[in-house]
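K.L.:
generate coordinates for the sequence data below:
(chains A and B)
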Amino acid sequence: MKISEIKELIQLVNETDIGELEIEGEDGRLLLRKGRVQIQGDHNQFTPSSAPQVHSMPSTTITEPAPVSTSIAGEEKQGKPLTSPMVGTFYRASRPGVEPFIKMGDLVQAGQILCIIEAMKLMNEIEAEFAGKVVDILVEDGQPVEYGQTLFLIDPEI
Amino acid sequence: MAHSIRQTILKMLSERNTYLSGQEISEKLGVTRTSIWKHIQKLRDKGYQIESVTNLGYRLTNTPNRLIPEEIHRNLKTTLLGKEIVFFETIDSTNTQAKLKALEYPAGTIFIANTQTGGRGRLGRQWSSEPGRGIWCTVLLKPTLRPTVASQFPLLTAVAIAQTLCKYGVEARIKWPNDILVHGRKICGILTEMGAELDRMNYLVIGFGLNVKQQMLDFPTELHSIATSVEMEVGEQVDRVQLICDILLELEQKYFQFLTEGFLPILRLWKEYNCTLGKMTRVSRFNQPPLYGEAIDLTPNGALVLKIATGQLITVFSGEIENNTQ
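P.N.:
Down below sits the predicted model:
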């Protein structure tokens, strides 16, 4: 789900009397609850607020994405999403015709280069924030990506 | 320390038209006359011609026509860019080196080479770096900005270089986003790379390869119809040291302007110097079908707005531009 879609949902919820809205889709679960923040695992902490709060379960913020699962051809994939820090074009290799930085199932180290995002000839080498196993690659080589779009699922448990 | 003493001696010598006594240097810098003599020898080794006359002192009679840190320091008027210079006689790529050493060196450091063995452009394309002929330079910056604005730096750099070249009498124009062309031939390429986290830039390396002293036959055959150099355009000798100092000063001013006023004034200048807008254009893209349409504008972030046959507007973030009508 895109940030813009979430923003739109927040606005819609805000304009109604709905207190709570939960949506479940292929790319995870989203819970909007008006008036207070619920922190997973600590139900006693409430922060009053007039605006609805966004929850991407079970994490508490959307900038620190929660584990999501994708279901492709019946196969369930678990992992933490790695998102794009900018709008641009996604490249899996340093140049056409060479081995991609990573493949499905690879074990990556924190700091290892996973892909390049290009915008206006600025090349941004995206590094793994944590070590883990690449369980899904969600973007095709050469495809445009949005800010915040999930590029990879990486399972830190392995 | 030895380096900065040598730099000061050189500066004193170049500011003096007549002889500068060893005694005067010694008093000013607080070093022995033997030590001064050693520094003078080092400068001579680097190609400076320094005359020494008993009872009169030293006199600078000629400077090396080389792009070396001593010469850049002597002419540079910036406050940040080029304060530290890393020089290589031969290196793979100044961008590669700058990225490797990004955390080790301060913001503003420049990396230059007499020649590059693996000079590269976008998507690993080769860049021809003839020894001693061009300016092969990478600038290291560490702005505290969000990574999303980093893609405006290639356009900013192109504006700074195009403006400087125009002052030299070169009719430089910018092809989106940052190639610099003269009558359709490439004179300068820019490759910007970033190291960043989700919400923070760690470093930005801006590499530019500028053809300065090449004549047609210096270029590989396949570039003969598509490359040019500053000297080919102006028809006279151009001093690479002065040129790099002028570019660094312009780039620094544009950078500071960007930090205080944002991208808009830079974007306006980009449009003034561009040769892309208003033309029928083909955009070739990796692993994607090419786009055809009229390049009508840039977005406030510097992306290209293409009007395709259906009248639909498409925002382009990457791709190679080819104009059907030059």
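K.L.:
need phi/psi at B:Val53.
P.N.:
For B:Val53, the backbone dihedrals are phi -130, psi 130 (criterion: degrees, to the nearest 10).
K.L.:
show the pLDDT at residue 13.
P.N.:
Picking chain A for this. Listed pLDDT for A:Val13 reads 63.
K.L.:
wait, chain B
P.N.:
B:Leu13 is given a pLDDT of 92.
K.L.:
what helix or strand does the residue nearest to it when sequence neighbours are not counted sit in?
P.N.:
Closest residue to B:Leu13 apart from its sequence neighbours, by C-beta to C-beta, 6 or more residues apart in numbering or on different chains: B:Leu60 at 4.1 Å. To be clear about C-beta, it is placed using only N, CA and C from the backbone, and glycine gets the same treatment. Following DSSP states H and E, the helix or strand that holds B:Leu60 is strand B:57-62.
K.L.:
give the rounded mean pLDDT of that strand.
P.N.:
93.
K.L.:
which helices and strands does it pack with?
P.N.:
Other elements packing on strand B:57-62 under the criterion 3 or more C-beta pairs under 8 Å, 6 or more residues apart in numbering or on different chains; DSSP states H and E are helix B:2-15, helix B:22-29, strand B:49-53.
K.L.:
just list what the shortest one packs against, helices and strands only.
P.N.:
By that I understand strand B:49-53. Looks like strand B:49-53 contacts helix B:33-45, strand B:57-62 (3+ C-beta pairs under 8 Å, 6+ apart).
K.L.:
possible to save these as a markdown table with mean neighbour count?
P.N.:
Below are the helices and strands packed on strand B:49-53 laid out as a markdown table (neighbours: other C-beta atoms under 10 Å in any protein chain shown):
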| stretch | mean neighbour count |
| --- | --- |
| helix B:33-45 | 15 |
| strand B:57-62 | 16 |
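K.L.:
what's the burial count for the residue in the stretch 151-300 of chain B positioned nearest to chain A?
P.N.:
Residue nearest to chain A within the stretch 151-300 of chain B: B:Asn287 (2.9 Å; C-beta to the nearest C-beta). Residues lying near B:Asn287 (other C-beta atoms under 10 Å in any protein chain shown) number 13.
K.L.:
before we move on, what about A:Phe90?
P.N.:
With other C-beta under 10 Å as criterion, A:Phe90 counts 23.
K.L.:
ditto for A:Met120
P.N.:
Counted with other C-beta under 10 Å, the neighbours of A:Met120 add up to 24.
K.L.:
which ones are touching it?
P.N.:
Contacts for A:Met120 were tallied using C-beta atoms under 8 Å, 6 or more residues apart in numbering or on different chains; they are B:Ser151, B:Gln152, B:Pro154, B:Leu155, B:Pro177, B:Asn178, B:Gly302, B:Ala303, B:Phe317, B:Ser318.
K.L.:
the third one against B:Asp179, yeah?
P.N.:
No: B:Pro154 sits out of contact with B:Asp179 when judged by C-beta atoms under 8 Å, with a separation of 9.7 Å.
K.L.:
find the nearest non-adjacent residue to whichever residue of the stretch 1-150 of chain B sits closest to chain A, please.
P.N.:
Distances between the stretch 1-150 of chain B and chain A by C-beta to the nearest C-beta are smallest at B:Gly124, namely 2.6 Å. Computed as C-beta to C-beta, 6+ apart, the closest residue to B:Gly124 that is not its neighbour in sequence is A:Arg95, at 2.6 Å.
K.L.:
which ones are touching the one you found?
P.N.:
If you count contacts by C-beta under 8 Å, 6+ apart, then A:Arg95 has B:Leu123, B:Gly124, B:Arg125 around it.
K.L.:
any idea how far B:Ala158 is from B:Leu29?
P.N.:
B:Ala158 is 41 Å from B:Leu29, where distance means C-beta to C-beta, to the nearest Å.
K.L.:
comparing those two, which residue is more hemmed in?
P.N.:
Remark: of B:Ala158 and B:Leu29, B:Ala158 carries more neighbours, 31 against 16, as counted by other C-beta under 10 Å.
K.L.:
name the helices or strands packed onto the one helix or strand that one maps to?
P.N.:
Using DSSP H and E, B:Ala158 sits in helix B:153-167. Judged by 3+ C-beta pairs under 8 Å, 6+ apart, the packing partners of helix B:153-167 are strand B:172-175, strand B:179-182, strand B:185-197, strand B:200-211, helix B:240-261, helix B:264-273.
K.L.:
and for B:Ser52, nearest residue in space, chain neighbours not counted?
P.N.:
Nearest non-adjacent residue to B:Ser52 (C-beta to C-beta, 6+ apart): B:Tyr58, at 5.1 Å.
K.L.:
thought the one you found was touching B:Gly22?
P.N.:
Yes: here B:Tyr58 reaches B:Gly22: they are 7.0 Å apart, a contact under C-beta under 8 Å.
K.L.:
return the list of strands paired to the host helix or strand of A:Glu118, each annotated with direction.
P.N.:
If you go by DSSP H and E, A:Glu118 is part of strand A:113-119. Sheet pairing of strand A:113-119 (DSSP bridges) gives strand A:88-91 (antiparallel), strand A:122-127 (antiparallel).
K.L.:
how about CSV for the ones you listed, with distance to B:Leu277 and mean pLDDT added?
P.N.:
Shown next, in CSV, are these (distance: least, C-beta to C-beta, whole Å; pLDDT from 0 to 100):
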stretch, distance to B:Leu277, mean pLDDT
strand A:88-91, 21, 96
strand A:122-127, 20, 94
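K.L.:
measure stretch A:79-89 end to end?
P.N.:
From its first residue to its last, stretch A:79-89 covers 23 Å (C-alpha to C-alpha, to the nearest Å).
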